[in-house]
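Chemist: quick one: sequence plus predicted model below, questions after.
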Amino acid sequence: MAEARKGARGRQEMPRQDARVRIHNFNEVALGYPLKVAIEEANRCIQCKNPQCVTGCPVGVRIPEFIKALREGDLWNAVFLLKDKNSLPAICGRVCPQETQCEERCVLGRRGEPVAIGRLERFVADWERAQGMRTPERAAPVGKRIAVVGSGPAGLTLAGDMAKKGYEVEVLESLHVPGGVLVYGIPEFRLPKEIVSAEINYLRSLGVTIRTNVVVGKLYTLRELVAQYDAVFLGTGAGLPILMNIPGENLNGVYSANELLTRVNLMKAYLFPEWDTPIKVGERVAVVGAGNVAMDAARCSLRLGAKEVHIVYRRSREEAPARAEELHHAEEEGILFDYLTNPIEIYGDEKGWVRGMRCIRMALGEPDASGRPRPIPIEGSEFDMAVDTVVMALGTRPNPLVFSDAPELLRTRHGTVVANPANGRTRMKRVWAGGDIVTGAATVISAMGAGRIAANDMDAYLSNGCPEPWWDETQSSS
Amino acid sequence: MYRIVHKEVLTPVTKLFVIEAPEVARKAQAGQFVMVRVHEKGERIPLTIADYDRQAGTITLIAQEVGKTTHMLGSMAVGESLASFTGPLGRPTEIASYGTVALVGGGLGIAAIYPICRALREAGNEVIGIIGARNADLLFWEDKMRTVTDELIVCTDDGSYARKAVVTVPLKELLDAGRPIRRIWGIGPAIMMKFVSLTSQPYGVPTIVSLNSIMVDGTGMCGACRVSVGGRTQFACVDGPEFDGHQVDWDLLLTRQRIYVDLEKQAMEAYVAAVASQHA
Ligand SMILES: Cc1cc2nc3c(=O)[nH]c(=O)nc-3n(C[C@H](O)[C@H](O)[C@H](O)COP(=O)(O)OP(=O)(O)OC[C@H]3O[C@@H](n4cnc5c(N)ncnc54)[C@H](O)[C@@H]3O)c2cc1C
Ligand SMILES: Cc1cc2nc3c(=O)[nH]c(=O)nc-3n(C[C@H](O)[C@H](O)[C@H](O)COP(=O)(O)OP(=O)(O)OC[C@H]3O[C@@H](n4cnc5c(N)ncnc54)[C@H](O)[C@@H]3O)c2cc1C
Ligand code: SF4
Ligand code: SF4
Ligand code: FES
């Protein structure tokens, strides 16, 4: 807890659980600022006339304004200003990749460290939650019904916005708990589930109905929803795991990161046998990939008792897509990083369990389509890693289940839905989409931003007597 | 929601539940399953839709008590509710007019083939049923099966009831006798499905099996249920559960079903101890 505070110029450190302690529990790692420290940090902001930080935020949070209210001690006003653009600040303050968004543009970052915008956002939101829930005012009903498919950040944002505008909103979620990746993917030690359920309760208090165990595409088709509701929003994310198709991938002990994280976070396998769902993580674990998902899988493995956990990534630390803080925390916890390394085969023992993984070393070449240097295998550099568990965290794509019986919905060859970025409309009339289902695996805040854009257009469309044209073939190519 | 409206004890280890689930009942088709959670801290387990009643708005499930979750389910009473109930999942059986078809149900598999027999019969097929169990005590639904088959062969492994044989024996006899069987369904324990597939293979009769791999979500997002069919990895919950039995990698399925045996045993023992102390 006793982190040394930096001088006036540096940003305030956030207390966190000691790495040696936290690898044995699932409690939150970062502990949040105390009030005094939050105000000191807020004082660092020079209140730019033309704040660049705001341009880095995908939803344009009123950053200098909420920070000013905070340092003046007017916390309710800070809450109001913050929530004007971001309905889930307790979550974004914790999981946004601030270093590539708001904080990257902060002017203080040019000479020293940027204002810790994310931590301040978290502080204000946590303060609000500690005050107990306020019952929001409900808008007069407009008499129109909206179906929101999927309860991740995109769907929740749209649901909240539309409810506030007076629409009757029903959220349809396939799992038994709402929240999307916030619940089944991101672990408790990064985002306590209590925060997500507080947000869900807030939506309920706005009059939003949340129906779990409803798999759209199976229980109802999209076509049926369009017939029964005035508008439909698709926010089903990108939940389908990508595998490598290398030999041995079906051995016992090989997991998709989705399976490992779902067992641990949604099903609470870390509390087995008090909770019924088991998980089996061995002593030596290799996690393939270096995004947030990989870090989460690696850090969960450690907490489940693994002695040695490797991140195996074909590029270098520079290109690792994980948030800076997660990489840093993973390193602190003793995760081993094998950069420029790619698996080519997993092999097993006579009982069908993983015994090891054959890898090849990589070198970085010219940039590829993603703009990152292309990894090239170094011939003859194969070597074996003795591991008993392998976790594939190579990315995800949209689950096609929701698309049954919706042939007019335009999709890309990556399986994502084509939607107009300006308003969220898909080619299927009265169906909007946003979040990972459109962009592929991205971020919480971009999903929320898409939910908000779609909500604004949905409201405009429904309140203006549904004007034509719905879709312009030329402008909406993705 | 998901209230138990009727319960029957079919065998000492097999219980039938009729669950109130009108929306699922409206959509359910033969060959599909639901994911069930018995209590708030429970795991999600797949159970086949053994029957559905669209009018009454109910789904019938038949569960065999093998571990903690199915035992807990077995101890539930009419009026109690399941914690969650998600479905209908999986692809429905391909129902068409094939001509003569044979459906082989081993043990619990009888529950799974019943709605398929009914649908195939309604589609105009001549339906031959073969049902079997280890012994007389474990056999159920013989009467119901008679109502949806044109011919029903009943056997037990130990001969304690009806014919003493494993289900593949009468199947082979039918095939040898030259019955014009166009398609076979074999549903039951993995090992039984493997042998049904091996039996029919030399005769070149397409054989459909329903793979019972371990599942978590049942909607394609985890890959726990992956199986190998024709050398390709498939997710049993969304690509199946029915597959071409001649193409299935049976050893992989049998190996993957055992991933958690030790932990499942631990959970079961703890549960038995807890129940015992409650009754003490
Ligand atoms: C492990 C992990 C860690 C991450 N860490 C971060 C991070 O630190 N910072 C960050 O910004 N981003 C992070 N991300 C990415 C971020 O979580 C996603 O970009 C974001 O959640 C996408 O939101 P969404 O609303 O589009 O979809 P999701 O959150 O995926 O929610 C979609 C919901 O739809 C439901 N659904 C799917 N199909 C159906 C259907 N047919 N019918 C009904 N419901 C359906 C799903 O069950 C799910 O609940 C992480 C992702 C993962 C997996
Ligand atoms: C598509 C499908 C349909 C099924 N239909 C039925 C049915 O109608 N009636 C019925 O009694 N059983 C059915 N099963 C099997 C049933 O799901 C398992 O028996 C049940 O999960 C066992 O749980 P348990 O806790 O009681 O036993 P455990 O002690 O946990 O396990 C006993 C055995 O069940 C298997 N199993 C455990 N957990 C799962 C899981 N989450 N998913 C699948 N298998 C698991 C394991 O391989 C293990 O060998 C079906 C399975 C599948 C995949
Ligand atoms: S929402 Fe995210 S990007 Fe925007 S200000 Fe907050 S932390 Fe920064
Ligand atoms: S850029 Fe930095 S200093 Fe300027 S207003 Fe934004 S947070 Fe404050
Ligand atoms: S059960 Fe998760 S993908 Fe099939």
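Modeler: Cool, got the structure. Quick caveat: nothing in here was measured; it's all calculated off a predicted structure. Ligands and ions are numbered 1, 2, ... in the order given.
Chemist: number of residues surrounding the residue in chain A that ligand 5 sits nearest to?
Modeler: Nearest residue of chain A to ligand 5, counting by Cβ to the nearest ligand atom: A:Glu259, 6.8 Å away. Every residue, glycine included, has its C-beta placed from N, CA and C. Using other Cβ atoms under 10 Å in any protein chain shown, A:Glu259 has 24 neighbouring residues.
Chemist: mind telling me what element the nearest residue to it once chain neighbours are set aside is part of?
Modeler: Nearest-residue entry for A:Glu259: B:Cys222, 3.9 Å, with adjacent residues in sequence omitted and distances by Cβ to Cβ, 6 or more residues apart in numbering or on different chains. For B:Cys222, there is no host helix or strand (DSSP states H and E).
Chemist: how about A:Cys359?
Modeler: Under the criterion of DSSP H and E, A:Cys359 resides in strand A:354-367.
Chemist: what strands flank that strand, and is each parallel or antiparallel?
Modeler: Strand A:354-367 sits in its sheet next to strand A:341-348 (antiparallel), strand A:373-377 (antiparallel), strand A:383-385 (antiparallel), going by DSSP bridges.
Chemist: tell me the most buried of the ones you listed?
Modeler: Using mean count of other Cβ atoms under 10 Å in any protein chain shown, the stretch among the strands paired with strand A:354-367 with the greatest mean number of neighbours is strand A:341-348 (a mean of 19).
Chemist: which other residues reach it?
Modeler: A:244, A:246-249, A:251-254, A:286, A:288, A:312-314, A:354-362, A:375, A:377, A:382, A:390 (Cβ atoms under 8 Å, 6 or more residues apart in numbering or on different chains).
Chemist: let's see that with 10 Å instead.
Modeler: Residues outside strand A:341-348 that contact it (Cβ atoms under 10 Å, 6 or more residues apart in numbering or on different chains) are A:244, A:246-254, A:286, A:288, A:310-315, A:354-362, A:375, A:377, A:381-385, A:387-388, A:390, A:392, B:255.
Chemist: avg pLDDT for it?
Modeler: The predicted model gives strand A:341-348 an average pLDDT of 96.
Chemist: would you mind writing the CA trace of stretch A:342-351 as CSV?
Modeler: Provided in CSV are the C-alpha atoms of stretch A:342-351 (Å, rounded to 0.1, in the frame of the first residue of the first chain):
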residue,chain,number,x,y,z
ASN,A,342,5.3,-18.9,-32.1
PRO,A,343,3.9,-22.3,-31.3
ILE,A,344,3.8,-24.8,-34.1
GLU,A,345,2.7,-28.0,-32.4
ILE,A,346,1.3,-29.1,-29.0
TYR,A,347,2.2,-32.7,-28.0
GLY,A,348,0.7,-34.9,-25.4
ASP,A,349,1.3,-37.9,-23.2
GLU,A,350,-0.2,-41.4,-23.6
LYS,A,351,-3.3,-40.3,-21.7
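Chemist: return the distance of it from the chain's centre.
Modeler: 31 Å (Cα atoms, centre = their mean, to the nearest Å).
Chemist: now the stretch 51-200 of chain A against ligand 2: closest residue?
Modeler: Per Cβ to the nearest ligand atom, the residue of the stretch 51-200 of chain A with the smallest distance to ligand 2 is A:His176, at 13.8 Å.
Chemist: same deal with chain B?
Modeler: Closest point on chain B to ligand 2, by Cβ to the nearest ligand atom, is B:Gly67, at 1.9 Å.
Chemist: got the residues of the stretch 101-250 of chain B near ligand 4?
Modeler: By Cβ under 6 Å from any ligand atom, no residue of the stretch 101-250 of chain B approaches ligand 4.
Chemist: follow-up on the earlier one: next up, the contacts around the residue of chain B closest to ligand 2.
Modeler: By Cβ under 10 Å, 6+ apart, B:Gly67 lies in contact with A:Asp276, B:Glu43, B:Ile45, B:Tyr260, B:Val261, B:Glu264, B:Lys265, B:Ala267, B:Met268, B:Tyr271.
Chemist: for the fourth one, which non-adjacent residue is closest in space?
Modeler: Meaning B:Tyr260. A:Pro278 (4.7 Å).
Chemist: close to ligand 3, is stretch A:37-49?
Modeler: No: using Cβ under 6 Å from any ligand atom, stretch A:37-49 stays clear of ligand 3, coming no nearer than 12.3 Å.
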